[in-house]
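Novice: pasting the structure only:
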């Protein structure tokens, strides 16, 4: 399966392509973007494997991440979607995980909320009744606010990569 194209008023969510590699290198190589997502910029090989993982999620599981573009300009804004990352966090075992990461140019404009609302509407239609969880570092107030707007509620505190994270849960619908 390949990611279906989703559209909102301002965004196009589409399957990642090989030519997204340069955009992803810029996104995941930006220290401000990753400050609350593990805290380390990603090297070229790690980003390439990320791109391959995005395609693999769709092929193997029937859900995954989307590339998010500005509908008016076609500019790459970031990633949003669903995953099974097998992080070794008990609270995520057997539950779909939501995730998003956007370039600074998209921050403060409601882009993450708009993109993830489309993703979650798709998930509710395709996988009715399934819970979706996300993890957010406690200091990432912007992502916590996005999650709350989308209906995620605090579920548990856990550790990821030696750092504390907040696990948040959203029931379908």
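Specialist: Thanks, I have it. As the structure is a prediction and not an experimental result, all values here were calculated from the model.

Novice: same for the lengthiest helix in the chain, what does it pack against?
Specialist: Assignment by DSSP state H gives helix 44-61 as the longest helix of the chain. Helices and strands touching helix 44-61, as assessed by 3 or more Cβ pairs under 8 Å, 6 or more residues apart in numbering; DSSP states H and E, comprise helix 21-28, strand 76-83. Yep, even glycine has a C-beta here, placed from its N, CA and C like the rest.

Novice: Mean confidence (pLDDT) on the first one, please.
Specialist: Read that as helix 21-28. Averaged across helix 21-28, the pLDDT comes to 97.

Novice: Please apply the same query to stretch 124-142.
Specialist: 93.

Novice: ends of that stretch, how far apart?
Specialist: 24 Å (Cα to Cα, to the nearest Å).

Novice: Let me know how buried residue 35 is, in neighbour terms.
Specialist: For residue 35, the neighbour count with other Cβ atoms under 10 Å is 14.

Novice: How about the contacts made by it?
Specialist: Contact partners of residue 35, counting by Cβ atoms under 8 Å, 6 or more residues apart in numbering, are absent.
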